Structure formats: C-alpha cells, structure tokens
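Peer 1: give me a 3D structure for the following:
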Amino acid sequence: MKLLNTFFIVAVLFTFSFNSQAKEPNWADYGNLLTRYVEKGQQDNIDLMAVDYTGIKNDPLYGQVIRQLKNFDIKQLENDNEKLAFYINAYNILAIKMVLDHWPLKSIKDAGSLFSSVWKKDVGKISHKTVTLNEVEHEILRKMGEPRIHMAIVCASVSCPDLRNEPYTADKLSEQLDDQTRKFLNNVGKGLRIKGNVAEVSKIFGWFEEDFEQQGGITAFIKNYRSDLPNNIKIDSSISYNWNLNRN
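Peer 2: Got it, this is the predicted structure:
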C-alpha cells in the first residue's frame with residue numbers, strides 16, 4: 001500500500017510539472033511556408049533571401065499560421081528565450097501579413113501613407129490582442145535588451161536582414177541570432193562593406209545605436225562577428241536603405 005501511495009504521489013507531481021511547463025507554439029506550418037517560399041536570390045544587385053509573397057498568399061498554411069498567432073496563449077511563455085523567439089517570429093509573420101493585406105505593392109511602406117505610418121497601423125492579432133509592428137518591435141522586443149534582434153526581425157525589405165528559412169526557437173535562439181548577425185555583417189550589399197579605413201554599415205546600427213551600448217557599442221558589437229577588421233577602423237552607418245520588397 002505504501003508503495004502504491006508513493007507511486008501515486010510521484011505520478012501526480014510529474015503530471016503537474018509537465019502541465020505547468022511553458023510551451024512554445026508548434027511552428028511546423030510556419031516552417032513549411034519558409035521552406036517553400038524563401039530562397040536565395042538577388043534584387044537591385046543585392047544578395048538576399050527572396051520571399052515568394054504570391055506563393056505564401058495562395059498557400060492554405062498561411063491562414064493557419066495567422067490563426068495560430070491569434071489563438072496562442074502568450075502566458076505559456078516563461079523565459080526570455082521563449083519570448084524572444086516567439087515575438088521575432090510574430091513580427092516576421094505580421095510583416096508578411098501587412099504586405100499581403102495590401103497586395104500587390106512594391107514596398108511595405110506603400111501600405112501606409114504620409115498621415116498613417118505603416119508601422120503604426122493595426123496589422124493582426126497576437127493572443128487575441130490587436131497589435132502594430134511598432135508595438136512588437138519597440139514595446140516588446142527592444143525592451144528585452146537583446147540587440148541581435150535587429151538582425152532577425154525583417155520588415156519585408158531588400159536592406160533588411162534576411163528572412164531566415166526556419167522559425168526561431170528557444171533552444172536554438174542564440175545560435176540562430178549569431179548566425180543571422182554573421183551573415184548580415186558579411187553581406188556587402190546591405191550589411192557591411194569596407195572603403196579604406198571606414199566600414200560602411202547598415203543604417204540599422206545608426207537608428208538603434210543605443211541598443212548596442214550594453215555590448216560595448218556598435219564597433220565592439222561588430223568586431224565580435226568581423227574579427228578581420230583592423231583596430232583603427234571607423235564605423236559609418238551610411239549604406240543607403242532599399243525599401244523595395246525582399247523578393248526576386
């Protein structure tokens with residue numbers, strides 16, 4: 001009897017522990033969309049991961065991904081990696097949605113206007129709450145203090161970091177963000193290019209300079225991924241930003 005009681009207690013504790021664990025969404029449908037419709041390409045002489053927006057729009061999985069984002073309970077997310085991975089995916093999905101909601105268009109900015117910024121327009125729902133791209137980026141992601149997000153969130157434009165053709169997940173997040181940063185800073189078309197003793201870099205580093213301060217500043221951050229740069233290199237966030245859609 002004592003053995004049975006002990007077994008029952010252990011079983012109850014295990015069940016409680018299992019049920020109380022945080023749970024990320026199953027990103028299988030989103031992953032399938034990325035695999036099918038994101039591939040290496042080039043636009044305006046810039047290498048990029050090109051997005052087939054028409055293919056995504058016509059694929060039934062797209063609607064399922066949007067519904068999943070709407071219905072997922074964000075209270076299930078417990079640690080920073082789970083939250084970061086979730087909201088990076090959410091931003092990228094909603095940026096695609098903004099484009100497709102106004103399809104066809106040449107730039108995501110065309111979905112807005114002089115008096116209504118595309119970034120501040122309602123774009124969709126996360127956990128049944130209507131959000132804007134601005135809210136996801138500035139009110140959630142940036143406040144989490146991880147500057148590498150700027151190499152992962154993709155505003156559907158040529159000069160943005162590339163859309164990764166796999167979802168972000170908590171268990172691989174740091175590895176994925178490092179890989180994204182390394183690839184971006186080795187892309188001479190939009191990430192970093194050397195001219196004499198100057199490293200011209202994406203305007204992203206100028207726009208969000210304060211976010212890199214915890215890493216010792218922009219120069220220190222960049223040198224973590226480009227150790228080949230000389231010590232006296234000057235960083236200039238002057239690469240022009242191409243807002244055309246990141247498609248072939």
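Peer 1: where exactly do the helices run in the chain?
Peer 2: For the chain, the helices defined by DSSP state H occupy 2-20, 28-37, 53-58, 60-71, 80-101, 133-134, 173-184, 203-207, 218-225.
Peer 1: tell me which residues in the second one are buried?
Peer 2: Counting neighbours by 16 or more other CB atoms under 10 Å, one finds that the buried residues in helix 28-37 are 29-31, 33-34, 37. Quick note: C-beta positions are derived from backbone N, CA and C, even for glycine.
Peer 1: next: the longest one.
Peer 2: Across helix 80-101, burial judged by 16+ other CB under 10 Å covers 81-100.
Peer 1: center of the chain, which residue is that?
Peer 2: Taking CA atoms, centre = their mean, the centroid of the chain lies closest to I153, which sits 2.8 Å from it.
Peer 1: where does that one land on pLDDT?
Peer 2: What the model reports as pLDDT for I153 is 98.
Peer 1: neighbours around the nearest residue in space to C160 that is not next to it in sequence, how many?
Peer 2: Sequence neighbours aside, V154 is the residue nearest to C160 in space, at 4.7 Å (criterion: CB to CB, 6 or more residues apart in numbering). The tally of other residues near V154 (other CB atoms under 10 Å) stands at 21.
Peer 1: mind listing what V154 touches?
Peer 2: 91-92, 95, 160-163, 246 (CB atoms under 8 Å, 6 or more residues apart in numbering).
Peer 1: how much space between it and M98?
Peer 2: V154 is 12 Å from M98, where distance means CB to CB, to the nearest Å.
Peer 1: tell me which of the buried residues of helix 28-37 is nearest to N224?
Peer 2: Nearest to N224, judged by CB to CB, of the buried residues of helix 28-37 is L34 at 26.8 Å.
Peer 1: I figured that closest one hits D162, correct?
Peer 2: No: with contacts defined as CB atoms under 8 Å, L34 does not count as touching D162, sitting 11.2 Å away.
Peer 1: which residues of this protein score low on pLDDT?
Peer 2: Counting by pLDDT under 70, the ranges of the chain that qualify are 1-22.
Peer 1: return the member of the contacts of V154 nearest to Y53.
Peer 2: Among these, N246 lies closest to Y53 (CB to CB), at 9.2 Å.
Peer 1: still on that earlier bit, could the helices of the chain go into TSV alongside distance to N197?
Peer 2: Compiled in TSV, the helices of the chain are given as follows (distance: least, CB to CB, whole Å):
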stretch	distance to N197
helix 2-20	56
helix 28-37	39
helix 53-58	40
helix 60-71	46
helix 80-101	34
helix 133-134	37
helix 173-184	22
helix 203-207	17
helix 218-225	13
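Peer 1: out of those, which is closest to I233?
Peer 2: helix 218-225 (7.5 Å).
Peer 1: please name the nearest non-neighbouring residue to G55.
Peer 2: The shortest distance from G55 to any non-neighbouring residue, by CB to CB, 6+ apart, is to Y37 (4.4 Å).
Peer 1: which ones are touching the one you found?
Peer 2: 51-53, 55-56, 59.
Peer 1: over to A111?
Peer 2: Contacts for A111 were tallied using CB under 8 Å, 6+ apart; they are 98-99, 101-102, 105, 118, 121.
Peer 1: which pair in those spans the largest distance?
Peer 2: L105 and K121 (13.4 Å).
Peer 1: surely G124 is in contact with L69?
Peer 2: Yes: the pair formed by G124 and L69 meets the contact definition of CB under 8 Å, at 6.8 Å.
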